[in-house]
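>>> I would like to see how this sequence folds:
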Amino acid sequence: MVRVAAVQFETGQDIAANLATSLRMIDAAADRDAELIVLPEFCNHLSWYESREHARTMACRHGDPFLTAIAGRARAHRAHIKIGVTLARDDGRTTGASLLYGPDGELLGEADKQILMGSENDHLDPATTAGPVIDTAVGRVGLYACMEGVINEVTRGLALRGAQLLLNSLNSFATDEASLHIPVRAAENKVWVIAANKVGPLIPADRLAQVSAGLKVPAEWLHGAGESQIVAPDGTVVARAPRTGEAVVVAEID
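Numbering: from 1, shown residues only. Below you'll find the predicted structure:
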């Protein structure tokens, strides 16, 4: 049995504040004895940029203070931690990256997001290869993010290559993620899914009213949809967070 956790929280445009929130939520999950902790997508910076250059400036780099701190928490808690960030690659690309750190603080594996959504196409680059299946002490793990779980190809590919656990980091306002896409991806592939979503505004607070009026969408529907969850291989949701507010959900999985 493995004790796993999905955590949900809000991020903004202050990278230092986002790191502090990420570390605090990791600590909260570790306090509940989680051995594997999944964080949302884009933990380093709100997914809102003025240009591709701005996105690259704000992105993480391997070995930077943000990722070094996350690796340090994995080591301190002897836990596996999966986090989603934007990452400035050495080849000039800026990607949405899923990173898995092990209990020694080492980077066990990473996967760039293959399927970008909406404005992500304006400031990020898609993956050039499929993500790996990673052998870990808690099982064979596949990494994916948000829109990659709305369609079936990415998760199906990971399952066919032997993944037992699929870890999904989300940055989504869509309520059908929790009610449909997350449990369906577990059931159709007969694997566990641990999914962590955002809460709070997904666009800058000072732009919220303007964007809401332009889209003719109530401002509250531009917030992360929460409901982070842990789903069994038959599609049963064994733990679910609320629609709003920070939360940690934990379950023992076989």
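>>> just the pLDDT for Glu220.
With respect to pLDDT, Glu220 has a value of 86.
>>> quick one: it is in a strand?
No - counting by DSSP: H, G, I helix; E, B strand; the rest coil, Glu220 is not found in a strand; it is helix.
>>> can you get me a residue count around it?
11 (other Cβ atoms under 10 Å). Where you see a C-beta, it was placed from the backbone N, CA and C, and this is true even at glycine.
>>> roughly how far apart are it and Val4?
Going from Glu220 to Val4 by Cβ to Cβ, to the nearest Å gives 30 Å.
>>> go on, Gly214?
For Gly214 relative to Val4 (Cβ to Cβ), the value is 39 Å.
>>> could you do Glu35 as well?
The value you get for Glu35 to Val4, if Cβ to Cβ is used, is 7 Å.
>>> now swap in Thr95 and tell me
25 Å.
>>> between those two, which one's more packed in?
Per other Cβ under 10 Å, whichever of Thr95 and Val4 has more neighbours is Val4, with 26 against 22.
>>> residue contacts, Arg140?
Val133, Ile134, Gly162, Ala163, Gln164, Leu165 (Cβ atoms under 8 Å, 6 or more residues apart in numbering).
>>> identify, from those, the entry nearest to Pro233.
Closest approach between the contacts of Arg140 and Pro233, by Cβ to Cβ: Gln164, at 8.9 Å.
>>> so that closest one sits against Trp192, correct?
Yes - if you go by Cβ atoms under 8 Å, Gln164 and Trp192 touch, sitting 6.8 Å apart.
>>> more crowded one of these two?
Using other Cβ under 10 Å, the more surrounded residue of Gln164 and Trp192 is Trp192, with 23 against 19.
>>> show me the beta-bridge partners of that one.
Beta-bridge partners recorded for Trp192 (DSSP bridges): Leu165.
>>> so what's the residue count around the residue nearest to Arg78 when sequence neighbours are not counted?
Closest residue to Arg78 apart from its sequence neighbours, by Cβ to Cβ, 6 or more residues apart in numbering: Pro103 at 4.3 Å. Residues lying near Pro103 (other Cβ under 10 Å) number 19.
>>> and Ala6, by the same measure?
34.
>>> so how far is Thr68 from it?
24 Å.
>>> same for the worst-scoring helix or strand of the chain on mean pLDDT, what does it pack against?
The helix or strand of the chain with the poorest confidence is helix 208-215; it has a mean of 89 (mean pLDDT, DSSP states H and E). Of the remaining helices and strands, none touches helix 208-215 by 3 or more Cβ pairs under 8 Å, 6 or more residues apart in numbering; DSSP states H and E.
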